[in-house]
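[1] Sequence and computational prediction follow.
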Amino acid sequence: MTTPRLDTKSIEGDTPAQRLLGLLEVIAEKDQYFTLQSLVEETGMPKPTLHRMLQQLENSGMLQREADNRHYSKGTRLRRLAETLLLNDTVQGARHAVLRELVREVGESCNITALSGSEVLYLDRVETQAPLRFYLHPGSRVPAHCSASGKLFLAQMGATQRRRLLSEMPLEAFTPKTLVDVDAIDAEIEAVKHNGYAFDDEEFLPGLLCIAVLAPNPTGVSNVGLAIQAPVMRMDRERALSCLPALERAAAAIARINLGALPDNEDVTIDHPASLEG
């Protein structure tokens, strides 16, 4: 008697290209390495067909084979495609307007970020007009373990997934304040989960303080962070917390943009209600 296959993900399409795209959608959802056999069990597709499709994706740079030659992971070309889409999103202008308004309100540099592998990718940034500032352009990358936004992204992961990621990435000490012990990072993450915001208190660059929140995503995990950065001579944790309501209002505005709530060419305004709960 054949055991019925559970929770299979159908890959449909009238052409080989459509079926390859369907397979990429399945792969994009994965947070760990996978094998040919695991995809066979997950999709119900014939093993020879999947093997051929994986070869095509590997040859094109969309996937890469791991050292054991059995497991696959997302390739450099696929990651770059995802990052390019984020950097050139059609809603970028509206999000940039939110950043400009936030900078005008708090008087410090602000950025929008996303998680890319084990790093935080700067999608957009508006600099303060103050003479002393740290310049980080869109496309810059910061390790997740010492970034305020990175801590928020890590906090959304399950404990096993987070520890696996931390164990595989170099936990470099950029300053004396950088947390490089996995247990210490886990304790910090628990505080972040409780508070709903995160700090980078001179953990990546000496003299730089950052506070960040996530743009809420009612449909699931958020991969959009919003942060304020300032020199410690102008901002300490107390002042950063006083900016939190403005930061949360801006994050809510960005969430509305991401969900398509604003039609084309509509002016972006930041509502000023009570702050969101963390």
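    Received, thanks.

[2] Now do the same contact list for residue 128.
    103, 107-109, 230 (Cβ atoms under 8 Å, 6 or more residues apart in numbering). (Glycine included, C-beta is placed from N, CA and C.)

[3] That one belongs to a helix, doesn't it?
    No. Assigned with DSSP: H, G, I helix; E, B strand; the rest coil, residue 128 falls outside any helix and is coil.

[4] Give me the phi and psi for it.
    Dihedral angles of residue 128 (phi, psi; degrees, to the nearest 10) stand at phi -70, psi 160.

[5] What of residue 104?
    phi -60, psi -40.

[6] Then residue 61?
    phi 90, psi 0.

[7] ok, it - how many residues close by?
    Neighbours of residue 61 under the rule other Cβ atoms under 10 Å: 14.

[8] Mind checking which of the contacts of residue 128 are in helices?
    Counting by DSSP state H, these place residue 103 in helices.

[9] what about residue 242, how many neighbours?
    Quick note: residue 242 (other Cβ under 10 Å) scores 11 neighbours.

[10] Model confidence at it, what's the number?
    In this model, residue 242 is scored at 96, pLDDT.

[11] Can you name the residues that contact it?
    Counting by Cβ under 8 Å, 6+ apart, residue 242 touches no other residue.

[12] how far away is it from residue 163?
    Note on residue 242: its distance to residue 163, by Cβ to Cβ, to the nearest Å, is 34 Å.

[13] Equivalent analysis for residue 38, please.
    21 Å.

[14] same thing with residue 209?
    Relative to residue 163, and taking Cβ to Cβ, residue 209 is found at 27 Å.

[15] These two: which has the busier surroundings?
    Neighbours per residue, other Cβ under 10 Å: of residue 209 and residue 163, the larger number sits with residue 209, 24 against 15.

[16] Name whatever forms a beta bridge with the more buried one.
    Residue 209 has the following beta-bridge partners by DSSP bridges: residue 201, residue 230.

[17] ok, now how distant is it from residue 159?
    The gap separating residue 209 from residue 159 is 28 Å, by Cβ to Cβ.

[18] Can you spell out the domain ranges of this protein, please?
    When the chain is parsed with automatic domain parsing, its domains come out as 16-78, 89-258.

[19] Please identify the deepest-packed of the ones you listed.
    Stretch with highest mean neighbour count among these: domain 89-258 (a mean of 18; mean count of other Cβ atoms under 10 Å).

[20] Okay, now the unreliable bits of the stretch 1-150 of the chain?
    Scanning the stretch 1-150 of the chain for pLDDT under 70 picks out the ranges 1-10, 86-91, 133.

[21] and if we set it to 50?
    1-8 (pLDDT under 50).

[22] which SS class is the spatially most central residue of the chain?
    The centroid of the chain falls nearest to residue 115 when counting by Cα atoms, centre = their mean (2.4 Å). The three-state assignment at residue 115 reads strand, by three-state DSSP.

[23] Then residue 111?
    Classification of residue 111 using three-state DSSP returns strand.
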